[in-house]
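# What follows is a predicted structure for the sequence shown.
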Amino acid sequence: MALFSNDPDRNIRPEHVQDPSQSPALQAIQSPTEHGAGPPHQPSFASREAGAYLNQSSKVNGKLTFEAQARVDGQVEGEINAKDGLMIGESAVVTAQIKASSIIVAGTVKGEITAVQRIEIRPSAKVFGNVTTPKLIVHEGAMFEGHCAMPSEAVREDRKVTVFPKEERKMAQAAAQKQA
């Protein structure tokens, strides 16, 4: 059965989930701390509408960009960028560079993972690659091979680049040369 055809009346359209908390994708990614009992900075996948879901039969090769929360249970090769939270489900096999606000890994990931807020590696997860995040949670039973960088807020502030207008740059360079 094809998802698309030349006849618009025959195109299959997915059903809209009325209550986001009843979505199978969201129910599967919730943990006890994500039902409102955890700190406010942790992602609450149940409190927002589902953004995107790639099921077990999905196979993607390329660059994925999600503007809302997303869950991947299929196979992905390439790059994943998510503005909000990203869940890599137990059945997922991902070979990609991943960047998101918060990331939960329960499947297999090979590649670099970067999160602005936190990364959680669940017991069923196998992560092969480097992770960069200010907060890292690794559950007992999880496999993690790679390096971890956990920059603090102060370190990130020091790394900001200031660009001066052209005239100010010349004056700053001249001042630096006089001091040398």
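Looks like it came in fine. Residues are numbered from 1 along each chain as shown.
# measure stretch 97-117 end to end?
17 Å (CA to CA, to the nearest Å).
# For that stretch, what does the pLDDT average out to?
For stretch 97-117, mean pLDDT is 96.
# Tell me the buried residues in it?
98-100, 102-109, 111-115, 117 (16 or more other CB atoms under 10 Å). To be clear about C-beta, it is placed using only N, CA and C from the backbone, and glycine gets the same treatment.
# Among those residues, which ones are in strands?
If you go by DSSP state E, the buried residues of stretch 97-117 have 98-100, 102-105, 108-109, 113-115, 117 in strands.
# Distance to residue 53 added to those, as TSV?
Formatted as TSV, those follow (distance: CB to CB, whole Å):
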residue	distance to residue 53
98	16
99	19
100	15
102	17
103	16
104	14
105	16
108	18
109	18
113	20
114	22
115	20
117	21
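# Farthest pair within these?
By the measure CB to CB, 108 and 117 form the most distant pair in these, at 22.5 Å.
# Who are the contact partners of residue 121?
Residue 121 makes contact with 105, 127, 136-139, 142, 144 under the criterion CB atoms under 8 Å, 6 or more residues apart in numbering.
# What of residue 109?
With contacts taken as CB under 8 Å, 6+ apart, residue 109 has the following neighbours: 88, 92, 94-96, 98, 125-129.
# what's the answer for residue 136, then?
Applying CB under 8 Å, 6+ apart, the residues contacting residue 136 are 118-121, 148, 150.
# beta partners of it?
Assessed by DSSP bridges, residue 136 has beta-bridge partners residue 119.
# Now, of the contacts of residue 136, which are buried?
Neighbour-count burial (16+ other CB under 10 Å) is assigned, among the contacts of residue 136, to 118-121.
# Now flag whichever of those residues is closest to residue 64.
Each of these was scored against residue 64 by CB to CB, and residue 119 proved nearest at 17.8 Å.
# Hmm, that closest one is touching residue 137, no?
Yes: the pair residue 119 / residue 137 is scored as a contact, 7.2 Å apart, by CB atoms under 8 Å.
# For residue 88, which residues are in contact?
Contacts of residue 88 by CB under 8 Å, 6+ apart are 72, 94, 98, 103-107, 109, 125.
# One more pass at 6 Å, please.
Residue 88 is in contact with 72, 94, 105, 107, 109, counting by CB atoms under 6 Å, 6 or more residues apart in numbering.
# Please apply the same query to residue 127.
105, 109, 121, 144.
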